[in-house]
Structure formats: structure tokens, C-alpha cells
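J.: Sequence and predicted structure below; questions after.
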Amino acid sequence: MIELVNVPSLTTIQDLGRYGYQKFGIPVSGVMDEVSARLANYLVGNHDNAPLIEFVLKGPTIRFHSSAVFAVAGDVEVKLNGVPIEPWQSHWAKRGDVLEIGTLKSGVYGYIAFAGGILCDKILGSCSTYLRAKLGRALKQGDKLKLGYAILTGKEGKVLPEPLIPRYSNESEIRVILGPQLDHFTEKGIETFLSSTYEVTPNSDRMGYRLEGPEIEHSEKGADIITDAIPLGAIQVPANGKPIIMLADRQTTGGYAKIGVVARVDVPKVAQTRAGGKLRFKAINVEEAQELLRKRGFLFRNIKRLLDGEVRGYKIKALGKEFMVFVEKEK
Amino acid sequence: MFPQFKPAGDSVLVIIFGDRIDEGINKKVHAVANAIEKASPDWLIEVVPTYTSIYVYYDPLKLSYQEALDAIKPFLSAEPKEEKPRIVKIPTVYGGEFGPDIEFVAQHNGLTIDDVIEIHSKPLYRVYMLGFTPGFAYLGGMDERIATPRLEKPRLKVPAGSVGIAGKQTGIYPIKSPGGWRLIGRTPLRLFTPEKDPPTLLQPGDYVKFVPISEEEFWKIYKREWGEQK
């Protein structure tokens, strides 16, 4: 069991989301950055969907009431009993140990995963917290969380190789698949969207990121559509011409025209961009986006196998860049 | 011209059945959505039916957009069943503290409060889709004689169960939330119960009938539905 000693606001339990209930108006929710969250879980030997703690900008302080193996994902200072330890590695904690997590130096969302995952009462099949409808609640001081059963031996000391650690930037190119309501925009509007730089405003949260930048011109069909669904990463453009990127806690349906949808591989990049950060958009087609997802899926599998000790990983340098290669172990 | 197919990103296929809010189009939407759900192929994540379209959420690691297109084609022939639809009665207290804007709605339309109640509680409203917030039903069929613009400044807190009017629409707030609709009444029923499966009282394709009740009846039902919860 772990106890939350100090809890910054908006610290929640999340998994990969609540699927199957959008037709009832229930948002998917789940982690904002699925890459960092999955990697944190892999580091402690969990499956992708194990419930973990998500924090925003500043991390909590946690006291361990029993032995546990944990890993922190994020560009952040971490201390165990006052001694600095590395994020992106799994560590052993024993009863009485205190884990302190500082403020993120880059990015917005950080994660703490525990071997065995956090036990929680699932609501509609998921541990994801959706504050607006009180599905779960924000964690608070004094909360005690039970961890799932896991054999801890050998789970500590796993290190994510440096080239695989996500880097959060405040200036990104975001790939999008245009549509589905492209006919609600003029050619000029689409051109503006693809050639301008947009800034993430402070008016951004788990529901969506509101952007500031050149106005996107609607066609004679206007900004409003007959209400339909809103997938993850959908970019709505209301009548004021300013795009909104819809994220984990987005409402399931909406009535503004969507100029495009962010490729799923780039959604974490959006989520980790701070207010004031800049985004540019590049159109790709659906086949390219799916190929990127397949490549990422392949990389995830290899990272998991690497951390589980099934393959070896080597850093290589070529053309001035660092790459990882994964080599099967000899049987 | 219809149905049309479009990607909405790399993990969603949209099927569009029409370009206007229409009962026939919406019935087709739900027939096809139900057929896809019933077959539950292994690549399917979930289906979100709306007024005129279906958003099919699929796993792009299992099949490409082109393959998803091919895979949904056989379901497009599904036709609405001629079953008797479910009619859900929504007991509602009109006016007073439960519907603080009913007087405005009456005045705006040159009617008496009793007229508003009668006009609002007469039709069978079709549930075209759910969305926006958990259990919120997009209802069709409100009489235009009681259409009223939204509040200029939305309320910060609207109690769960509040029945409102916004333009030519009517609806019920399932959970306590901010809101800009003109409130004309309130139902003691719970529209969203996360412990239940399905978690919502209303389902797409249902019909809703508002039934005027007294304050006394409201509290009797309220206690049964919500227990001690507020």
C-alpha cells in the first residue's frame, strides 16, 4: 500500500481509457500521454493498461507502507528518502520509504507506475478518472492506494536506454489527417491552418487545447455542423476561426466543424506542449498515419521485450543521429 | 450520394447517411450501428451513432482504413426493425424553483405558463443520439411555439434532472453542470447511473414523454432514485 502525503491538484489515477461508452455520452478519458504512461508501466513489468498515477506539472510525495517497485516517467527530479534517483528507471522501495517528485522541467504530464498496478474500483470497465462526471476523483492528501500483486524480484533496476526517453518540446510539427468536414473550410482557410504557427493558450486542459493564431476561414457552410462524434485529436474550429484540439476528456459529440484529426502518434506531443508552446500542422494521409502507428507498435513491443530481458538493445550512431537496434538473444 | 465514407483520423471510419436531421435517416444510422455492434468483429473498438452518421472506432494495428471500409460494407444493408419503440416517461415538475425560466419562456412566446406545460409535455420526443455529457439525450420534435433563445449568461450550476429549452431544442441535464438552457422544470429520475450497465436511462431510438407531476410526487420519486444523495 502507498499513501499520498502531498498531492498537487489534478493528480489522478488513469489507465488507457474507458472504451465502449461513448455512445452513452461518456468520454474515453485515460492518460494524456500514452507513450510516457506505457513506458512507465513497461519499466515495472506491467501490461500497457495497468492503472497508474498521472500528475500535472508537479508530482506528489508518496510514502510506502509495504515494499514496491516503481518507475517515474517525466523530465523531473525524483528523490527517494531525500536521495536523488533517476526517472525512466525502476526502483525498489521498502516500507517507510518516501518518494518525492519535483516539478517537470519540460512537458506537462508525468506518470508514476507501480509493479502490479494500482488496485482501483473500476467504473464501466476502467480506472480512468473523469472529474467532470465524478467518475473517480482527484487524489488527495492522506489517500491510501493498494497495489496489485506482483513478484517484485528482478523488477527493479530496469533502465530505459537514453535514446528511447521521450523528449518534450515546446515547438512541434503535428501531423494531421484532414477532414472529416473539410467542405466547411475555404481553400484559403485550409492553407492558413497548414502554413501558420499556433500557440497553446493557458485555457487548455485534459478536455482540449485551445490555440491562438491566424483565423481559419470557413466556407459558406459555416462553423456549425449537425452534431456528430469527436475522436481523440479532432481539431474543431468554431466560428471565431481558432482551432481547439480535443484530447482525453473531450466530450463525445460536438457541433463544430473539424478541419482535421491529429495522427495518434503525435497526440502525446500535443498533450506535452505547455501554454505558450507552438504547434505547426502538416497534412498526411490516413495510410501514412497508420504506418506510423504500426512502426510505433513494433517499437513498443521491442522496448517491452528489452526491459523484460528477452532481447538486447544497442545504441548505434549513424549520420550524426543515435538509433537503437534490438538483437534477439541466442537461445 | 449516400452513404459516404470518410476517415476521421487514423483510427475512425465515418459513415454518413444524410445531411439533415430526419427520423428515417437516424433510424437507418441506429440499425447499421446495432448490426456492427452485434457482430462485434475483433478489430472493433466501439461505435458512436449520431444524428446522421456512425463513427466506427477501429484498431488500425489490426486493419487498414481500406480494409475497414471493406469490412463494414456488409452491415450497410441492415434495416430498422419494425419493433414498437420503448417509451420512457419522464415525470417532471414544471415551474417554480424547479423551472425558474418558465415564465420567461411563456412571455417570450406570448403564452401562459399552463400553455408552455401543455405544449412541452404533449409530444413524443425521439432520442436521436446521446452525447455531450454522460446520458445527455439529443431529443427531436419540440413544438416551435415554445422555442426560446439560451440565457445570455449561462448558470454556473444547473441541478441534475433539470429540463430545459435552447432554441428549438429541449433536453434534460443528466448531471449537475454549468448550463445556458432556459430551465422550465426538473425530473427526479436519474439519467446517469455509472453503477448500472447500460449506465444511462435513455437509449438512442427511445421515445421520451414528459409527464407533469406535483412537488410532492417529485420528492417521493427523488428519494427512491437518489436515496440520501444530493
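T.: Right, received. Where do you want to start? Numbering: from 1, shown residues only, chains lettered A, B, ... in the order given.
J.: Tell me the secondary structure of residue 66, please.
T.: Chain wasn't specified; assuming chain A. Three-state assignment for A:S66 (DSSP: H, G, I helix; E, B strand; the rest coil): coil.
J.: meant chain B, my bad for not saying
T.: Assigned by three-state DSSP, the conformation of B:Q66 is helix.
J.: now do the one 4 residues further on
T.: Using three-state DSSP, the secondary structure recorded for B:D70 is helix.
J.: Look up the pLDDT of the residue lying closest to B:R155 once chain neighbours are set aside for me, please.
T.: Nearest residue to B:R155, sequence neighbours excluded (C-beta to C-beta, 6 or more residues apart in numbering or on different chains): B:G179, at 5.8 Å. Where you see a C-beta, it was placed from the backbone N, CA and C, and this is true even at glycine. Per-residue confidence (pLDDT) for B:G179: 88.
J.: And B:G179, its phi and psi?
T.: Dihedral pair for B:G179: phi -170, psi 150, per degrees, to the nearest 10.
J.: Run through the chain and note the low-pLDDT ranges.
T.: Looking at chain A here, since you left the chain open. In the predicted model, chain A carries pLDDT under 70 at residues A:331.
J.: wrong one, chain B
T.: Using pLDDT under 70, the flagged stretches of chain B are B:228-230.
J.: Mind checking what helix or strand follows the lengthiest helix in chain B in sequence?
T.: Longest helix of chain B, by residue count under DSSP state H: helix B:23-39. Sequence order places strand B:44-49 as the next helix or strand after helix B:23-39, per DSSP states H and E.
J.: hmm, back to that, give me the distance between the residue nearest to B:R155 and B:I21.
T.: 22 Å (C-beta to C-beta, to the nearest Å).
J.: now do A:I244
T.: According to C-beta to C-beta, A:I244 and B:I21 sit 24 Å apart.
J.: the more surrounded of those two?
T.: Neighbour totals were compared for A:I244 and B:I21, and A:I244 leads with 22 against 14 (other C-beta atoms under 10 Å in any protein chain shown).
J.: what about B:P188, which SS state?
T.: coil.
J.: what sits against it?
T.: B:P91, B:G161, B:F218, B:W219, B:I221, B:Y222, B:E225, B:W226 (C-beta atoms under 8 Å, 6 or more residues apart in numbering or on different chains).
J.: which residues in chain A form helices?
T.: Using DSSP H, the helices of chain A run over residues A:34-43, A:187-195, A:267-271, A:286-307.
J.: Any chance you could list what contacts the last one?
T.: Looking back up the chat, that one is helix A:286-307. For helix A:286-307, contacts defined as C-beta under 8 Å, 6+ apart pick out A:38-39, A:42-43, A:45, A:48, A:158, A:160-161, A:164, A:175, A:177, A:263-265, A:311-313, A:326, B:7, B:9-11, B:60-61, B:64-66.
J.: please redo it, this time with the cut-off set to 6 Å
T.: Residues from elsewhere that reach helix A:286-307 (C-beta atoms under 6 Å, 6 or more residues apart in numbering or on different chains): A:42, A:158, A:177, A:263-265, A:311, A:313, A:326, B:7, B:10, B:60-61, B:64-65.
J.: how much does that helix deviate in direction from helix B:65-72?
T.: 100 degrees (axes from the mean of the first three to the mean of the last three C-alpha atoms, to 10 degrees).
J.: If the residue most central in space within chain B is in a bridge, with which residues?
T.: Centroid check for chain B by C-alpha atoms, centre = their mean gives B:A137 as the closest residue, at 1.4 Å. Beta-bridge partners for B:A137, by DSSP bridges, are B:L130.
J.: can you pull the contacts of residue 109?
T.: If you meant another chain, say so; for now it's chain A. Taking C-beta under 6 Å, 6+ apart, we find A:Y109 in contact with A:M32, A:D33, A:E54.
J.: sorry, should have said chain B
T.: Contacts of B:N109 (C-beta under 6 Å, 6+ apart): B:R145, B:I146.
J.: Test my guess that A:I245 contacts A:M207.
T.: No: checked against C-beta atoms under 6 Å, the pair A:I245 and A:M207 is beyond contact range at 10.2 Å.
J.: Quick check: what element follows the longest strand along chain B along the chain?
T.: Secondary structure of chain B per DSSP state E: the longest strand is strand B:87-94. From strand B:87-94 onward toward the C-terminus, using DSSP H and E, the following helix or strand is helix B:102-108.
J.: what packs against that following helix?
T.: For helix B:102-108, the packing partners by 3 or more C-beta pairs under 6 Å, 6 or more residues apart in numbering or on different chains; DSSP states H and E come out as helix B:113-121, strand B:182-186.
J.: Paired strands for the last one, with orientation please.
T.: Strand partners for strand B:182-186, identified by DSSP bridges, are recorded as strand B:87-94 (antiparallel), strand B:162-166 (antiparallel).
J.: Dump those strands into TSV; add mean neighbour count and distance to B:Q107 as well.
T.: As requested, the strands paired with strand B:182-186 are arranged in TSV below (neighbours: other C-beta atoms under 10 Å in any protein chain shown; distance: least, C-beta to C-beta, whole Å):
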stretch	mean neighbour count	distance to B:Q107
strand B:87-94	19	15
strand B:162-166	24	13
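J.: A:E187: which of those strands is closest?
T.: Closest to A:E187 of the strands paired with strand B:182-186, according to C-beta to C-beta: strand B:162-166, at 33.7 Å.
J.: Now do the closest one: everything it contacts.
T.: Residues contacting strand B:162-166 (C-beta under 6 Å, 6+ apart): B:T92, B:T148, B:R150, B:I172, B:Y173, B:W181, B:R182, B:L183, B:I184, B:G185, B:R186.
J.: Could you check the angle it makes with helix B:113-121?
T.: Between strand B:162-166 and helix B:113-121, the angle comes out at 90 degrees (the same axes, to 10 degrees).
J.: circling back to that earlier point, same drill for A:I245 and A:M207, tell me which one is more crowded.
T.: Shown here are A:I245 and A:M207; by other C-beta under 10 Å, A:I245 has more neighbours (28 against 18).
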